[in-house]
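> Okay, structure incoming, though there's no sequence with it:
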């Protein structure tokens, strides 16, 4: 019998993926479930629905609620929250770099730092400069990583990842997928997804 | 000091309002919070956003997920679930009748029965006949109630209720509003809303 596993699908621009990313490590360890970080581009999926930006921007009442809800969630978790501007940020480069890191040893820590930087400090995460600073903080030399991240292979890897998400019917983030194909959407479904992964 | 209170805003066609309605009584009693049932018409609010039907129908991937998620939630709660067809049903008459009942003694039980009938048994809830059967099950004579529910006063009461929901920025259901104006959206926010209502 293999250890239970859960795929954690997220976009760096996704607001509720921030608390999910910061919570998932400890909860998964407690549950004895191994987590696969799967960054993808939600923007491509939104575009296919005719949306040109985040639905939180397209629907102001829902967007205003989301920011307040996220603020409350972060306060409950005692994690910092600063609303970033602009929102959403282009998550393309960060996602490509994350895929490079997830093949090495620093991928998950890079993902957490991108989320912390964006939603905990309100920083930009969409430039080579911002990405380099995060890499440097992790003790990873930025230049070769950025070069690899912009290679044709890395671009194709992220496209494939996004295509796979679309094929599963993923329509938002964070989304948790169990090995037996059960889908759970939203930070508030993380605990249920871990229980499912354990029992499946 | 007055006892803590929470407004429970819902539309009878709202899927996640079903588990919320069945859960709220016991949880509120445990928390020492009094609940005001506030049926309104989400359809009017959706229409103002240019939607002609439920977003779960407009976005098939999200809709498919929602039905599976609701099925899991009901299984976890050990409450029955049958997917109703058609969906959504017109909730106008049920909401008007509910407002009559909420001024009398049988309002909350009527609301629970409408939800149980629709999502627990897959029945129609959008006809005078269906509404009459539910009233009769509660020992309430249907004819005078239906007559009152279709009066100008009852129609205006529901319109006012929906206008009030819109003014608060309510964009979905279930929504829980505390006395100090804090909004919580979704069945999964019920426990947090009750804690907020207690502490406010």
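That came in fine, so what should we check first? If you're wondering where the values come from, they're calculated on a predicted model, not measured in any experiment.

> these two touch, right, residue A:123 and residue A:84?
Yes. With contacts counted by C-beta atoms under 8 Å, residue A:123 reaches residue A:84, the gap being 7.1 Å. Every C-beta, even on glycine, is put in place using the N, C-alpha and C of the backbone.

> Just want to know which of these two has more residues nearby.
Neighbour totals were compared for residue A:123 and residue A:84, and residue A:84 leads with 21 against 17 (other C-beta atoms under 10 Å in any protein chain shown).

> Could you check how far the more buried one is from residue A:91?
In this structure, residue A:84 and residue A:91 are 12 Å apart, going by C-beta to C-beta, to the nearest Å.

> buried residues in the longest helix anywhere in chain A?
In chain A, taking DSSP state H as the definition, the longest helix is helix A:60-77. Buried residues in helix A:60-77, counted by 16 or more other C-beta atoms under 10 Å in any protein chain shown: A:61-63, A:65-66, A:69-70, A:72-74.

> which SSE is residue A:158 in?
helix A:152-167 (DSSP states H and E).

> tell me the angle of that helix relative to helix B:60-77?
Comparing the axes of helix A:152-167 and helix B:60-77 via axes from the mean of the first three to the mean of the last three C-alpha atoms, to 10 degrees yields an angle of 60 degrees.

> Check which helices and strands the helix or strand that helix A:152-167 is followed by sits against.
As assigned by DSSP H and E, the chain's next helix or strand after helix A:152-167 is strand A:175-178. Here strand A:175-178 touches strand A:5-10, strand A:183-185, helix A:190-199, going by 3 or more C-beta pairs under 8 Å, 6 or more residues apart in numbering or on different chains; DSSP states H and E.

> thinking again about what came up before, which residues are in contact with each of residue A:123 and residue A:84?
Residues touching both residue A:123 and residue A:84 (C-beta atoms under 8 Å, 6 or more residues apart in numbering or on different chains): none.

> that older thread, packing partners of the helix holding residue A:158?
Helices and strands touching helix A:152-167, by 3+ C-beta pairs under 8 Å, 6+ apart, are strand A:34-39, helix A:42-48, helix A:92-103.

> which stretch among those comes nearest chain B?
Ranking those by distance to chain B, with C-beta to the nearest C-beta as the measure, places helix A:42-48 first at 8.5 Å.

> Contacts for the closest one next, please.
Contacts of helix A:42-48 (C-beta under 8 Å, 6+ apart): A:11, A:13-14, A:53-55, A:88, A:90-91, A:162, A:165-166, A:170-173.

> bridging residues for residue A:185?
For residue A:185, the beta-bridge partners are residue A:175 (DSSP bridges).

> per-residue confidence at it?
With respect to pLDDT, residue A:185 scores 98.

> can I assume it is in contact with residue A:168?
No. Using C-beta under 8 Å, residue A:185 is not in contact with residue A:168; the gap is 11.2 Å.

> coming back round to it: same list, the helices and strands packed on strand A:175-178, but as JSON lines with mean neighbour count and distance to residue B:45 please.
Listed next are these as JSON lines, based on neighbours: other C-beta atoms under 10 Å in any protein chain shown; distance: least, C-beta to C-beta, whole Å:
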{"stretch": "strand A:5-10", "mean neighbour count": "22", "distance to residue B:45": "30"}
{"stretch": "strand A:183-185", "mean neighbour count": "22", "distance to residue B:45": "22"}
{"stretch": "helix A:190-199", "mean neighbour count": "19", "distance to residue B:45": "29"}
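
> hmm, back to that, what would I type in PyMOL if I wanted to highlight the buried members of the contacts of helix A:42-48 and nothing else?
Typed into PyMOL, the next command selects the buried ones out of those (criterion: 16+ other C-beta under 10 Å):
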select buried, chain A and resi 11+13+14+54+88+90+91+162+165+166+170+171+172+173
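
> Go through the contacts of helix A:42-48 and say which is closest to residue B:149.
For the contacts of helix A:42-48, the minimum distance to residue B:149 (C-beta to C-beta) is 35.5 Å, reached by residue A:55.

> Could you dump the buried residues of helix A:60-77 into TSV with pLDDT added?
Supplementary listing: those in TSV, determined by pLDDT from 0 to 100:
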residue	pLDDT
A:61	91
A:62	93
A:63	95
A:65	97
A:66	97
A:69	98
A:70	98
A:72	98
A:73	98
A:74	98
